[in-house]
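Student: Have a look at this prediction, sequence included:
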Amino acid sequence: MLHFYDQSTDSIETQCLRLAPALAITRANIPCLVWAEDALSFVYFVPTSLFALQLLVPDEDLEKAALTITSTLPYERIYGAAPGWLEMRMFDPAQPSCFPNSIYLRTTKLPHLRHEDDPVDIYLHPQSFFSFDIRQHDRSVSLSTLPKQHADIRFPTRAAFLDALFDTLLDPPTGLRVMTLTLKLDVYIGYIATYTLRNHRILADGKLEPEHAAVRDSLREEHRPIFEARMKPGRRSDWLSEVQLRRDVLKNTSRFMAAQRPLPLDTVKHRSLRKQIASSKLGVSKSFHTSAVSHRRVPSVHLKRPLTRGVERSMHHIARYFIR
């Protein structure tokens, strides 16, 4: 049973604590966009737990942004990949990183001195990794509910969020599909589809209902058929088929050169393992479409992390439907 919220389950106090590093960056005149769970919770009211704070900055400002945070806030730079963002050994024993060009920061505060909402880890991503231009303000918004000093902190619009997720998922800039990242990005897509689109997806004639259709049409052309297929039971293709479909559409657009890049490599190299993954998801997808979903709106309250874990677990079941 899912509950929907009319505002973030994280209080303004929590949001400000979480966004302190982003505020430091914008005060240094560096464009900054909030990503991942923080954007999902604060803008799209997804009742997710908050993990590492993930921020996008212009590629040329990545080092400056890291230095700004470490010189003004109690964080230090950790060289080497964050353990949680390494590929699972079962998929690739070499364990490549999901974010080889990102910067990893960790708090220097002792545990007993931290506020429970302080981000322990921060990932600074170059905007190009997600094909995002932070300076293009029609693809992002600020939050009017935050204090005025946070006005320069940006958050992705729904269409921009989905486009960026599909871009990185189906055309990874490293040229390598890392399953750890695939799983996480598919969770984000599942969150957005579930918590921002509350109507039943399909009309009696088999077409998308108007709100879902409007979101589809707001996406870039190459992502529209992929989004629509994911919204329809039994129409979702496997990852490689989605990669090829996206490129087939790109061939007929002004960005046709992107369709000529080499296909990304897949870390799931063993056919038997791929079959096991596919079969495990089949049962989940069937149960997803027969399970009850509550569409009633619930007054929002500030929920601490332990209370949201049940929702988090249920969303992981839903997200698995979106993963191939």
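Tutor: Nice, I can see it.
Student: use CA for all of it now, contacts and neighbours both
Tutor: Will do.
Student: how about stretch 103-119 as CSV, C-alpha atoms only?
Tutor: Provided in CSV are the C-alpha atoms of stretch 103-119 (Å, rounded to 0.1, in the frame of the first residue of the first chain):
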residue,chain,number,x,y,z
ILE,A,103,34.7,13.8,-6.3
TYR,A,104,33.9,12.0,-3.1
LEU,A,105,33.8,14.1,0.2
ARG,A,106,33.2,12.8,3.7
THR,A,107,32.4,14.6,6.9
THR,A,108,35.1,15.1,9.5
LYS,A,109,32.6,15.5,12.3
LEU,A,110,32.8,12.9,15.0
PRO,A,111,29.5,10.9,15.2
HIS,A,112,28.4,12.3,18.5
LEU,A,113,28.8,15.8,17.2
ARG,A,114,26.8,15.4,14.0
HIS,A,115,23.2,16.3,13.5
GLU,A,116,21.2,13.3,12.3
ASP,A,117,20.4,15.1,9.1
ASP,A,118,24.0,16.2,8.2
PRO,A,119,25.1,14.5,5.0
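Student: mind starting the numbering at 730 from now?
Tutor: Got it, the first residue is 730 from now on, which makes the last one we talked about stretch 832-848.
Student: Report the mean per-residue pLDDT for that stretch.
Tutor: On average, the pLDDT along stretch 832-848 is 95.
Student: What are the buried residues along it?
Tutor: By 16 or more other C-alpha atoms under 10 Å, the buried positions in stretch 832-848 come out as 832-836, 846-848.
Student: which two in the residues you listed are spaced the farthest apart?
Tutor: I832 and D846 (21.0 Å; C-alpha to C-alpha).
Student: Pull out the buried positions in stretch 775-788.
Tutor: For stretch 775-788, the neighbour count (16+ other C-alpha under 10 Å) marks 775-779, 781-788 as buried.
Student: now, which of the buried residues of stretch 832-848 lie within strands?
Tutor: 832-836 (DSSP state E).
Student: which of the residues you listed lies closest to I798?
Tutor: L834 (8.7 Å).
Student: can I assume the closest one is in contact with L802?
Tutor: No: L834 lies out of contact with L802 (C-alpha atoms under 8 Å); the separation is 10.8 Å.
Student: which ones are touching F861?
Tutor: Contacts of F861 were listed using C-alpha atoms under 8 Å, 6 or more residues apart in numbering, and they are A893.
Student: Please report phi then psi for it.
Tutor: Main-chain dihedrals, F861, degrees, to the nearest 10: phi -120, psi 140.
Student: With L784 instead?
Tutor: phi -130, psi 140.
Student: if I look at it, how far off is T797?
Tutor: L784 sits at a distance of 13 Å from T797 (criterion: C-alpha to C-alpha, to the nearest Å).
Student: sorry, back to before: and which of the buried residues of stretch 775-788 is nearest A893?
Tutor: Closest approach between those and A893, by C-alpha to C-alpha: L785, at 11.7 Å.
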